[in-house]
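Peer 1: got a predicted model here, sequence first, then my questions.
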Amino acid sequence: MDTLVELLPILMFMVLTPLLFSGYPVAFVLGGVGLAFWLLAVGLGIENPDSFFLVVSRIFGGVVSKLVLVAIPMFIFMGTMLERSGVAKELLYTLQLMTRRIPGGLALSVTVLGVILAATTGIIGASVVMMTLLALPVMLDRGYDKALATGTIAASGTLGILLPPSIMLVVMADLLSTSAGGLFLAAIGPSLLLALLYMLYIFSRTALNPKLAPPLGPVAKADDLSVLRVVRSFIPPLLLIIAVLGSIFGGIATPTEASGVGALGAIVLAAINRKLTFKTLQDVVESSALTTTMLFGLFVGATAFSYVFALLGGHHLILELMASTGISPWAVLAVLMLAVFVLGFFFDWIEITLIILPVFAPIIAKLDFGSHLSDPAMTTTWFAILMAVNLQTSFLTPPFGFALFYMKGVAPAGVKLTDIYRGVIPFVILQIIGLIVLLIWPELALWLPRFSAQ
């Protein structure tokens with residue numbers, strides 16, 4: 001009997017795993033497994049029948065009432081509205097003109113556009129679809145290799161999950177009970193590192209094999225590249241980035257307040273570009289509401305699961321197993337990173353985050369990496385960024401990489417799913433290299449939040 005009670009947390013995961021692959025909504029799977037094991041614990045006489053009702057107070061007191069989570073619907077609205085504003089089209093054309101003489105110039109332009117969109121939207125679906133519609137037909141018309149073109153767009157479009165104002169970082173900050181602004185600062189270095197790796201790969205490959213990415217040629221006139229065009233293209237998104245991230249990093253506004261500024265800024269940009277209509281506003285509000293509802297449904301299910309897991313002594317069981325086996329902190333971190341990477345082949349980032357973080361975050365916070373981290377108090381921040389970089393691969397890894405299907409849904413008829421799969425493999429390898437670099441040199445992520453705290 002005692003052995004069964006001790007094994008209940010492990011049995012929870014054994015039951016959860018096949019149900020996650022069943023295709024049933026993950027929010028209901030998480031909540032249902034939590035409820036089922038609480039009923040089992042009550043039946044075995046090890047839990048009070050009233051204890052599960054504390055989940056309600058956890059949901060409303062620990063999830064719904066947290067002001068930082070208000071940033072989620074606001075950032076979703078901002079990203080969706082920017083998709084309709086027409087800002088990206090003008091920006092991409094200007095970038096084409098600026099890089100027309102550089103090997104792989106159009107692909108490099110797409111990467112830069114991905115960074116700018118990531119810093120203004122944070123919505124992967126919107127960025128990938130928008131960039132595919134704008135850039136892929138042009139790249140194919142210029143004779144670009146299909147794999148290189150699709151891989152560049154997919155990888156650049158997924159930077160929004162990591163570069164602030166990332167919705168994923170807002171969720172992680174809540175689950176880890178840490179500052180969203182601190183995670184935003186820590187994510188800037190890794191995000192730019194990945195973008196730099198992408199650009200180095202594109203430049204090197206196209207310089208060695210120019211046939212993969214023919215130059216822009218006479219299509220664009222050099223006279224089109226005026227100072228006015230550059231200013232008109234770059235100033236609107238840069239102003240929005242400064243308004244959102246500058247207000248957070250400057251201590252003027254919280255992430256929640258800055259998200260409201262961003263949403264208003266996106267509306268203003270759409271109005272300036274004459275894209276703001278009642279139908280557009282209605283569609284953006286509806287899309288934002290549906291996405292937000294899905295996310296908060298997952299919050300409810302994950303809260304129920306993690307609460308019952310903790311109630312049954314799951315955290316203590318994992319710590320005891322680690323102590324009894326003598327496993328090192330590095331081995332624990334390696335296993336978690338490998339598990340997150342493998343889960344990324346099958347699940348979305350929100351599902352992985354809501355399963356892994358509530359269970360393992362208290363354990364990670366107690367791990368000692370010695371002198372590898374100059375400030376042990378930042379272990380949680382470092383782990384969050386490592387996990388965020390790792391989770392970015394989940395959008396690109398087949399068979400269920402969401403970015404791949406976003407792209408295939410709007411790509412020209414001649415682009416096959418196999419072309420997209422071939423294209424993303426080098427970029428997944430680059431993301432793994434970026435993850436290894438952050439493991440070896442954690443200061444790439446931690447120096448900026450430490451500097452801002454001084």
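Peer 2: Received the coordinates, thanks.
Peer 1: the most centrally placed residue in the chain: what's it in contact with?
Peer 2: Among the residues of the chain, the one closest to the centroid is Ile161, at 2.4 Å (C-alpha atoms, centre = their mean). The neighbourhood of Ile161, defined by C-beta atoms under 8 Å, 6 or more residues apart in numbering, consists of 122, 124, 167-168, 349, 388, 391-392, 395. All C-beta atoms are positioned from the backbone trio N, CA, C, and that covers glycine.
Peer 1: that one and Leu197, how far apart?
Peer 2: Per C-beta to C-beta, to the nearest Å, Ile161 is found 16 Å from Leu197.
Peer 1: will you turn the contacts of Ile161 into CSV that also has neighbour count and secondary structure?
Peer 2: As requested, the contacts of Ile161 are exported to CSV (neighbours: other C-beta atoms under 10 Å; DSSP: H, G, I helix; E, B strand; the rest coil):
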residue, neighbour count, secondary structure
Gly122, 31, coil
Ile124, 26, helix
Ile167, 26, helix
Met168, 22, helix
Trp349, 26, helix
Ala388, 27, helix
Leu391, 26, helix
Gln392, 30, helix
Phe395, 28, helix
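Peer 1: nearest to Pro137 among the residues you listed?
Peer 2: Ile124 (20.7 Å; C-beta to C-beta).
Peer 1: from Val340, how far off is Pro103?
Peer 2: 35 Å.
Peer 1: who has more neighbours, these two?
Peer 2: More neighbours surround Val340 than the other of Pro103 and Val340, with 24 against 20 (other C-beta atoms under 10 Å).
Peer 1: ok, the more buried one to Phe299 distance?
Peer 2: With C-beta to C-beta as the criterion, Val340 and Phe299 are 19 Å apart.
Peer 1: with Gly143 instead?
Peer 2: Distance from Gly143 to Phe299, by C-beta to C-beta: 47 Å.
Peer 1: before we move on, what about Phe383?
Peer 2: To Phe299, Phe383 is 20 Å away according to C-beta to C-beta.
Peer 1: ditto for Pro237
Peer 2: From Pro237 to Phe299 the distance is 30 Å (C-beta to C-beta).
Peer 1: and Gly79, by the same measure?
Peer 2: Taken as C-beta to C-beta, the span from Gly79 to Phe299 is 19 Å.
Peer 1: when those two are compared, which one has more neighbours?
Peer 2: Gly79 (30 against 23).
Peer 1: give me the nearest residue to Arg450, chain neighbours excluded.
Peer 2: What sits nearest to Arg450 in space, not counting adjacent residues and going by C-beta to C-beta, 6 or more residues apart in numbering, is Asp375, at 6.5 Å.
Peer 1: how many residues are close by the one you found?
Peer 2: Around Asp375 there are 14 residues (other C-beta under 10 Å).
Peer 1: what's stretch 129-137 in contact with?
Peer 2: 83, 88-89, 92, 106, 109-110, 113-114, 117, 149-150, 153, 156-157, 406-407, 409-412, 415.
Peer 1: brain fart, stretch 179-192
Peer 2: 68, 71, 115, 118, 159, 162-166, 169-170, 172-174, 245, 248-249, 254-255, 381-382, 384-385, 388-389, 434, 438, 444-449, 452.
Peer 1: so what does the longest helix anywhere in the chain touch, helix or strand wise?
Peer 2: For the chain, the helix with the greatest residue count under DSSP state H is helix 278-311. Other elements packing on helix 278-311 under the criterion 3 or more C-beta pairs under 8 Å, 6 or more residues apart in numbering; DSSP states H and E are helix 2-20, helix 26-43, helix 54-59, helix 71-85, helix 349-364.
Peer 1: what's the span of stretch 158-176 from first residue to last?
Peer 2: With C-alpha to C-alpha, to the nearest Å as the measure, stretch 158-176 spans 23 Å from end to end.
Peer 1: swap in stretch 397-405?
Peer 2: So stretch 397-405: terminal residues 11 Å apart, C-alpha to C-alpha.
Peer 1: from the chain's centroid, how far away is it?
Peer 2: 14 Å (C-alpha atoms, centre = their mean, to the nearest Å).
Peer 1: what comes into contact with that stretch?
Peer 2: By C-beta under 8 Å, 6+ apart, stretch 397-405 touches 124-125, 128, 154, 157-158, 344-348, 394-396, 417, 420-421, 424, 428.
Peer 1: next helix or strand past the lowest-mean-pLDDT helix or strand in the chain?
Peer 2: Least confident helix or strand of the chain, by mean pLDDT, DSSP states H and E, is helix 314-325 with a mean of 66. The helix or strand immediately downstream of helix 314-325 is helix 329-343, counting by DSSP states H and E.
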